[in-house]
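*Asks:* This is the structure alone, sequence omitted:
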């Protein structure tokens with residue numbers, strides 16, 4: 001869940017800065033406290049669906065676009081984690097014979 005919150009916050013912050021908006025401006029437009037938006041952008045708080053819809057309206061971006069971008073970011077992070085995971089070593093019994101392909 002932390003990965004989702006962090007990705008969501010990064011995407012919302014990126015959109016806000018693209019538009020050249022301050023937290024105060026988004027806060028006024030979305031009718032959400034500045035501190036709460038800041039915590040969402042830093043991945044420290046969960047955004048309810050209603051709050052997220054309000055933020056998306058203030059940022060002039062469809063909710064579906066934000067959720068798609070978050071899903072893509074999470075998928076990339078998950079793939080990186082799988083790629084970095086060590087390959088498990090399969091222990092064999094000392095008396096086990098492994099057939100040769102030759």
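*Replies:* Alright, I've got the coordinates. Being a predicted model, the structure only gives us computed values, none of them experimental.

*Asks:* give me the low-pLDDT residue ranges for the protein?
*Replies:* Applying pLDDT under 70 to the chain flags residues 1, 87-88, 91-92, 94, 96-102.

*Asks:* So in it, which helix runs the longest?
*Replies:* Determined from DSSP state H, the single longest helix within the chain is helix 63-84.

*Asks:* Which strands and helices lie in contact with the helix or strand hosting residue 25?
*Replies:* Here residue 25 is covered by helix 23-30, with elements defined by DSSP states H and E. Under the contact definition 3 or more C-beta pairs under 8 Å, 6 or more residues apart in numbering; DSSP states H and E, helix 23-30 sits against helix 34-41, helix 49-58. Every C-beta, even on glycine, is put in place using the N, C-alpha and C of the backbone.

*Asks:* Which among those is found nearest to residue 71?
*Replies:* helix 49-58 (13.8 Å; C-beta to C-beta).

*Asks:* and the closest one with helix 63-84, angle?
*Replies:* Inter-element angle recorded for helix 49-58 and helix 63-84: 110 degrees (by axes from the mean of the first three to the mean of the last three C-alpha atoms, to 10 degrees).

*Asks:* Quick check: buried residues in helix 49-58?
*Replies:* For helix 49-58, a neighbour-count test (16 or more other C-beta atoms under 10 Å) marks 51-52, 54-56, 58 as buried.

*Asks:* same check, this time on stretch 63-78
*Replies:* Those would be 66, 69-70, 73, for stretch 63-78 by 16+ other C-beta under 10 Å.

*Asks:* who's in contact with it?
*Replies:* Outside stretch 63-78, the residues within contact range by C-beta atoms under 8 Å, 6 or more residues apart in numbering are 3-4, 7-8, 10-12, 15, 52-53, 56.
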